[in-house]
Structure formats: structure tokens, C-alpha cells
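In: Just the structure for this:
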Amino acid sequence: MEERRERSVRRTIFWTLFLTYAYFFQGGGWNQNARFDLTWSIVEEGSLVIGRYGPDGRLEPGSMATNTDDVAYHRGRVYPNKPPGISFLAVPVYAVLYWGEVLVGVHPLGSLALIHFNAYVATVCSMALVSAALGAALFSALGYLRPGPVGPRLWVTAGYSLGTLAFPWATLFQAHQVSAALTFFIFALWLRHEYGSVREAGQPGRAAGLDVDTIAGLLAGLAILVEYNNAAAVAFLLGYRLLGPEPRRGLVRFAAGAAFPVAGLLAYHQACFGSPFATNYTYQNPLFEDSKGGVFRWPPLRVFLELTFLPKRGLFFTSPLLVLAIPGAAAFLSARWGRRLEALACLSIVLFYLSLNAAFIHWEGGWSAGPRYLVPCLPFLAVSLYFFWPRLPALFFGLLSLSVLIQTAVTAVNPSPRFEIENPLFEHTFRHLAANRVSVNTQSLLDRLPPEQEGLPVSPAAAWSSFNLGELAGLPGLLSLLPLLLIWAAAWREVRRIGIQ
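Out: From the prediction side, this is the model:
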């Protein structure tokens, strides 16, 4: 009976989050434009090149790269300055859309509306799908870390999924949320193998005919294919596995699982840059480097404060619930719960991403409503919330409600406000909400900048560069969020029907 209820709650979490994330489309931006450029080029031209320079030093007509500065240059060709994993993820979906439209006589690039529709579907089938699965995985992982009632795990999952930057970044075609999902899936898989029902039944940890370490290796390779920095998170997780029971039995299988996606990444580097070890960052746009050509420095202490508490990029400023993860981490590390090794793995990953973000010369993350480079570590930080649960539940629910309100507003208005704004939450998000405006990003997937930034009028097509499904149904402004609230109300009713403790 309990297992059946667990499965029912997991399904409700997955579908609620999927519908929530699929409710929004955020339009264009340098990051997502560069990634879509590669997807388009692979499907439409069978090429990894998104632009070429002519003898005059200018981009040739028809080059996709005119919509972004997130590029890398090599021998007159232009590539995204990012690993290809996210672009590869959307290729199957976009290929079905593209060739289906060609077969029925519709040109996929014939109108901006169709371009955005295809991008929306590709985003939903990648970002929203993976992010919803991450929410369900977090709910299960909390039960393996500390068995207990469904209710606390449900609220921690809701706090992470709707009350942190995981919410807006699950609606953006960028790498951060998929990085979080792939690395956390490894952690959840090993937790299930060690503490879950499979191990209790004395059965080998297998799924779909594969050993759990092989699956973990495959996820690790995919994580590195999505973002190079994820290699460090993978290393921390592998260290956790090797320090646990049966430390070496699965190492070879893990390496075998990781081999295929890593080989694909090396082949991509060879095809684009002539060496398997020359990354996209090796030849990236000099705009993102300092005068010495580097991108990292010793992190100033003030940057840590900026990334945590201050208004411009403070994680706790936009997600106040996560403040409770600090005392929660202390409890997680205590011997009382018997999960100290898991706690060290989670906190090591959090501290790594925080330090890496602080050391990056562009630590602000460009146009962003928060510290987007910290998104990959947020599920590992959110785990600590569960160990705060026995204390001050009223404070927990108050901060949970405030965080969900803030992140819903950020997602509804625009997760990528201009870099120059010192307090994005008050000067951008709440200002637009007060004027009854949502989906304010007018930069399309074909634009290098929003038209108003270029001194151009915003055309009717550009006004629909970002949207939510309520707006498509004809609901204006804040009223467009009403169907989303009904989805949440239906999910709450279903959870109450299932019964939570």
C-alpha cells in the first residue's frame, strides 16, 4: 500500500512539473540561440558549422550565427562556444518536426511563429521533460536518505522545483538544468541501489538489463557532453561510490557506460577544431576573456556575498527558502542520520559550483535573474532542506510560499533581464508585474538583441517571441497564469486524495 502511494505521488509530481514547465516559452537569447543554431544546422544541413566568414572578414549571407555572440571561431568557421550536448538533445525532436513540415509542404523557416513553435516543442521535450523527472528523482532520493512520511519529502521537492532557479531554467534551452538532472540522477540511482527496495530484496541493481554502475557511467558521460564543468561533479559522485560498500566492483562498468558519450564529445572536438582535446572554449569569442586571455581568477570574498545574499545575483535573495539549507546541512552532516558520506558528496558539489562561479570573471552570468551558474548544484543543496524539516515548520512553509511566489514571477516575466539592472527582482520582475505585463522578452531566435535594444520598434511578431499558454488562449497579463494555478490546484487535490502524512 505504501509503495503504491509512493508511485502515485511520484507520478503526480512528474506530471505537475512537466505541465508547469511546459506552460512557458522564454524566446531568444545568446545562449539558447547558439544552441538552437547547432540543432538547426545538424538537421537542416548535416553540418556542425553555424556560420562561415568570407574573404572580406564578414559572416557569409545565411549564416545562423548572426543571432548570437556565444560563438567560437576556427579557420573561418563559426561554432557555438559551448559543448554540444543540449543541441544534440533537441535533434531528434526537431528532425521529426522539420521533416514532417517539409513533407506536408510547410517551410519550417517560413515564419517566425513556426520557428518559435518548433523551438517551443523542442524545449518542452528536452528541458521540461528532464526537469520534471528530476523532481520525481529528488522525491525518491529523500526517502532513501531518511525514510519518513510522504509529506515532508513532497514539500521539499516542491520547494526545489518551484521555489528556486530550477523553475525558470527548466523553461530555457540552456545547459544548467539538464546538468543538474543528469548528475543528480547518478546520485539517486546509487542511493536506490544502496538503500532502496532493490537491495533490500537481495537482487542485483539492474534496470533495463544494465547494471546500475553502467547506467551511472552513461549519465556521467552525457553530463560531460552537456557541460564540461560537470566532470567535477561526476568526480565527487564517483568518489562517494568508491568510498562506499563494494568500492571497486562497478568501476569498470562505470567507465564502460561513460565511454560512448565521452567518445562522441572527443569526436565532435576533432571534427570542429582538429583535435579531440581542443574544446569550444579554446576558440571562443574573445569578448568573454580578460586582457590576458583567461576566464578564471582567485575569487574575491565580495563575489561570494553577491552570489548568496545581495540583490543583483543573490541565491538566497530570490530563493529565501534555501537559507534553511544551511542549518539543514549541519544536521545532514551529523552522525544522527547515518548519511555523512552522502552529505559530504552533496556539499562538496555545492561548494565546487559556488567557488567556480565566484572565480569566473563573468560571475554575474550576463542577462540573468539570479546566479544561473549555480543551478546545477541546487538539487544537492535542496537535499539539506529535508534535514531541517523537524524544526520550525511554520518558518519553512512561510519561506516556501515566498520562494514559489518569487520564482513564479521571474518565470512569468523574463528570467533573463538585462545585465545592467542592479536589482532584477524589484527593478524588472515586480515592475513589470505591477504594470500587468508578462512574457516581456522580445528577442526572437533570429535576433542578436531585443529590437528595443537596437532602437527598433517591437513588431507584433517580436512581441510573441516569449509567451505562456494562457496568453495563447487569449488571457492577458496576470490572468494568463490562471490555468497554471488550476493545474496546481488539481495536483494538490490529487495529492490529498492519495493521502499524505
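In: Quick check: His362 touching Phe288?
Out: Yes. Counting by CB atoms under 8 Å, His362 touches Phe288, with 6.3 Å between them. C-beta here means a position set from N, CA and C on the backbone, and glycine is covered the same way.
In: what's the burial count for Leu356?
Out: Neighbourhood size, Leu356 [other CB atoms under 10 Å]: 18.
In: What strand or helix carries it?
Out: Assigned by DSSP states H and E, Leu356 belongs to helix 340-359.
In: elements contacting the helix or strand following that helix?
Out: As assigned by DSSP H and E, the chain's next helix or strand after helix 340-359 is helix 378-388. Under the contact definition 3 or more CB pairs under 8 Å, 6 or more residues apart in numbering; DSSP states H and E, helix 378-388 sits against helix 129-145, helix 150-163, helix 176-195, helix 325-333, helix 340-359.
In: The following helix or strand past helix 378-388: which residues count as buried?
Out: Sequence-wise, the next helix or strand downstream of helix 378-388 (DSSP H and E) is helix 393-413. For helix 393-413, the buried set under the neighbour-count rule, 16 or more other CB atoms under 10 Å, comprises 396, 399-400, 403-404, 406-413.
In: just stretch 296-305 next, same as before
Out: 299, 303-304.
In: How about residues contacting it?
Out: 290, 354-355, 358-361, 363 (CB atoms under 8 Å, 6 or more residues apart in numbering).
In: What is the burial count for Phe260?
Out: For Phe260, the neighbour count with other CB under 10 Å is 13.
In: give the contact list for the nearest residue to it once chain neighbours are set aside.
Out: In space, Phe260 comes closest to Gly221 once its chain neighbours are excluded; the distance is 6.5 Å by CB to CB, 6 or more residues apart in numbering. By CB under 8 Å, 6+ apart, Gly221 lies in contact with 257-262, 265.
In: Now, those residues that are in helices?
Out: Counted as lying in helices by DSSP state H, out of these, are 257-262, 265.
In: and Tyr228, what element?
Out: Under DSSP H and E, no helix or strand contains Tyr228.
In: Just confirm it contacts Thr282, I think it does.
Out: No. Look at Tyr228 against Thr282 with CB under 8 Å: they stay out of range, at 11.0 Å.
In: Give me the more crowded residue out of the two.
Out: Shown here are Tyr228 and Thr282; by other CB under 10 Å, Tyr228 has more neighbours (17 against 13).
In: so which of the contacts of stretch 296-305 comes closest to Tyr21?
Out: Nearest to Tyr21, judged by CB to CB, of those is Leu354 at 25.0 Å.
In: And that closest one, what's its pLDDT?
Out: In this model, Leu354 is scored at 97, pLDDT.
In: Likewise for Ile498?
Out: 83.
In: Give me the distance between it and Ser140.
Out: Using CB to CB, to the nearest Å, Ile498 is found at 15 Å from Ser140.
In: and these two? which has more neighbours close in?
Out: Ser140 (20 against 17).
In: hang on, isn't the more buried one packed against Ala188?
Out: Yes. Counting by CB under 8 Å, Ala188 is a contact partner of Ser140 at 6.2 Å.
In: re earlier: can you put the buried residues of stretch 296-305 in CSV and add pLDDT?
Out: Listed next are those as CSV, based on pLDDT from 0 to 100:
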residue, pLDDT
Pro299, 88
Val303, 96
Phe304, 96
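In: Keep only those of those residues that are in helices.
Out: Per DSSP H, the subset of those in helices is 303-304.
In: that older thread, okay, and the common contacts of His362 and Phe288?
Out: Val295.
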